[in-house]
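>>> After the sequence you'll find the predicted model.
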Amino acid sequence: MQRKLAAGLKPGLTSCHTEFVGGYVVEGQVPAREVRRLLAERPEAVGLTVPDMPLGSPGMEADKTEPYDILLVHWNGSPQIYARYP
């Protein structure tokens, strides 16, 4: 958890996996399409997160799915919806 907090994520915005890609934090089950978009757009931000582990997100495929948001985390720690799935 310390690594997540040090990277700029606040409690409630974390998940199971933390990666660093192109200077950004990618937390949780973020679809590759959104990571590519992030790297193309290069917003001023900490990175992307999918809090928790929603059914239907990458790696959490199941017969049942639930809608979920990919959040862009700003440097002040505030999240903004970056994309919605499905």
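Now that the structure is in, tell me what you want to look at.

>>> Nearest the middle, which residue of the protein would you pick?
residue 49 (1.5 Å; CA atoms, centre = their mean).

>>> Strands of the chain, residue ranges please.
18-21, 24-28, 47-50, 68-73, 79-85 (DSSP state E).

>>> I'd assumed residue 70 was in contact with residue 80.
No: using CB atoms under 8 Å as the test, residue 80 is too far from residue 70 to be in contact (10.2 Å). Backbone N, C-alpha and C define where each C-beta goes, glycine included.

>>> Which one of those two is surrounded by more residues?
The residue with more neighbours, out of residue 80 and residue 70, is residue 70; 25 against 11, by other CB atoms under 10 Å.

>>> Residue 71 is in contact with the residue nearest to the centre of the chain, correct?
Yes: contact criterion CB under 8 Å: residue 49 and residue 71 qualify, at 5.1 Å.

>>> any idea how far residue 76 is from residue 20?
20 Å (CB to CB, to the nearest Å).

>>> got it, and residue 67?
27 Å.

>>> list the contacts for residue 18?
Residues near residue 18 by CB atoms under 8 Å, 6 or more residues apart in numbering: 3, 4, 7, 9, 25, 26, 27.

>>> What is the nearest of the residues you listed to residue 63?
Within the contacts of residue 18, the smallest distance to residue 63 is 25.8 Å, found for residue 27 (CB to CB).

>>> Now do the same for the residue lying farthest from the centre of the chain: its pLDDT.
Distance from the C-alpha centroid of the chain peaks at residue 63, with 22.7 Å (CA atoms, centre = their mean). Reading off the confidence values, residue 63 has pLDDT 81.
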